[in-house]
Every structure is written in structure tokens, then in C-alpha cells.
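Q: How does the following fold in three dimensions:
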Amino acid sequence: MTLLTRIQDTSERLTASDRRIIEVLLGQQGEAVFLSAAQLAERAQVHETTATRLAKKLGFSGYPELRAQLQREVMEGQDAATRMRRSVAKVADGSYLADVVRSELAALEQLARSIDQRDVDTASDMIVAARKVFIFAQGHATAIAAFLQRRLDRFGMTTVMLTGRGRDVAERLTSLGAEDLVLVLAFRKQPADYAAVMGHAAQMGAATLLISDLAGLTMAPPATHLLAAARGRSGTEFQTPIVPMTIANAILLTIAGR
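A: Predicted coordinates:
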């Protein structure tokens, strides 16, 4: 079981301090693999026992075992990146196109390890079963949200786009009911209105689906179903949009195939 899977399985039991530790573990993997529990806690600005408690909550015997798991996964990712470098070895140094191709291929390979078709099936079931699909997105996520809305509209589904801020979102949510679905696209950090939207969905008894990167693991409250995968080699590098777009396409093709 991967570290990502363990985090997803325990998302509802994670505390705010746990989520800060996870942000460092997943966002700064290259450095985190060398940190002690105390150093990790200091970087996350939480009590030094938090890392050990989190490790046990995730099913590890202690923090050393959690770190060993992270080290293995980082090494696997580096191996994948090395294979991609070899595939573009004939391209001259300094080619942005070659670097983008390598990075995108590595990100897609990681996506295949992070999300299973069963996860996509569940998301597709939720969309098909919904009376209305309310799509919430802000910032760069709105581009993928608009694409997804157009495709769902072509399937004859009823969609409502939740863009903008505060009052604009609230006004469009007034018709949300228990038979509906709130589909959220959010990357890098939790959107300002995320908690309010998810809280209202829970109050109305509506299901929620979140498509995100690794930041989705720390968003609160958690969604009914989460599809999350890294969009780059670390939180400080270019974050590709091809990963969430591929997730969206996988969902659409699964629905179309039925």
C-alpha cells in the first residue's frame, strides 16, 4: 500500500497538525526523506510528537518506517524520471520541449500508479447517478472545469458551474439537493470558498467528488470521493495540467463506454 493510499484511507481522521506534516512530506519529498521526526515537525511548525502519531495513524510502526516508505517511493519516481531522460537523450540540452515531454510522461506514469480504474468507476457512477452536477472551480482549475462541463452537457446531463466568489457561488447553490453531486477541481491549495461549499453539500446530503493534486489530501472537510495525483516532481516545480485533464478524460470515457 502506497503512502498516498494510506493517507486517503485515513483522511477523515487527520488533524490540522497531521495535514501540515503531510504537506511537507508530499510537497518537499526530496528533502523530507532525510528529515528526522523532530526536524519534520519543526519544518511543519507542529509539536515534535505529531510525526510519530501520524505514522502510527497511517499504519506504520513508527516514523522511521513511514520515512522508509517515502524513500522507496521517491526512488521509484526517480527511476521513472531516469527512463524518461533516456528517451529524450538525443535532444540537445536546453530544449524546453524535450523537458516538458519528459516531465509530462513522468507525471502520467505516476498518475497510473496513484489512481486505479476502480477509483474512476466510482467517480463516474457518482456523476451518472446525480440529478444535477454542480462544478466548483477557481483560478486555473476553471479551464478544466469548463471542458468537463461541456462534455457532460453533451451527455445530456444537467450541470451548474460554481465560479466566482462568495455570493456568486452561494446563489448558484440554492437549488442543491440530496440527489445532486458537487464536483470540485482544486489544485495546489484549498480554495477560499471550498469549506463553505463542502459544508453546505454535507448539510443538504449531497455527495461530493474532488479532483486534485496532492494538496487534495489536506483539504477539509474531505470529499465523499477523492481522485488525487501529483502534478510534478515536487511542490516547487512546474505543475502540469495534463494530470487533472487526464483524470477528467478518463471519467468521461468511462461514462461514454457505458
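Q: and the protein, what are its domains?
A: Domain assignment of the chain by the TED database yields the ranges 3-93, 117-257.
Q: Endpoints of the longest one, how far apart?
A: The one in question is domain 117-257. 13 Å (Cα to Cα, to the nearest Å).
Q: thinking again about what came up before, quick check: which of the domains of the chain is buried the most?
A: Mean neighbour count (mean count of other Cβ atoms under 10 Å) peaks for domain 117-257 among those, with a mean of 18. The C-beta positions use only the backbone N, C-alpha and C, and glycine is treated the same way.
Q: taking the mean pLDDT, what do you get for that one?
A: Taken as a whole, domain 117-257 has an average pLDDT of 92.
Q: where along the stretch 101-250 of the chain do the helices fall?
A: 117-129, 141-154, 167-172, 194-204, 242-257 (DSSP state H, counting those that start in this stretch).
Q: Looking at these, which is nearest to Val101?
A: Val101 lies closest to helix 242-257 among these, at 10.8 Å (Cβ to Cβ).
Q: what's the closest one in contact with?
A: Helix 242-257 is contacted from outside by 104, 107-108, 111, 115, 117, 120-121, 123-124, 127-128, 141, 144, 147-148, 151-152, 155, 185, 187, 211-213, 227, 229-231, using Cβ atoms under 8 Å, 6 or more residues apart in numbering.
Q: Please repeat the previous calculation with a cut-off of 7 Å.
A: Helix 242-257 is contacted from outside by 104, 107-108, 111, 115, 120-121, 123-124, 127-128, 144, 147-148, 151, 155, 185, 187, 211, 227, 229, 231, using Cβ atoms under 7 Å, 6 or more residues apart in numbering.
Q: Which one, of the helices of the stretch 101-250 of the chain, ends up nearest to Pro222?
A: Pro222 lies closest, by Cβ to Cβ, to one member of those: helix 194-204, at 8.2 Å.
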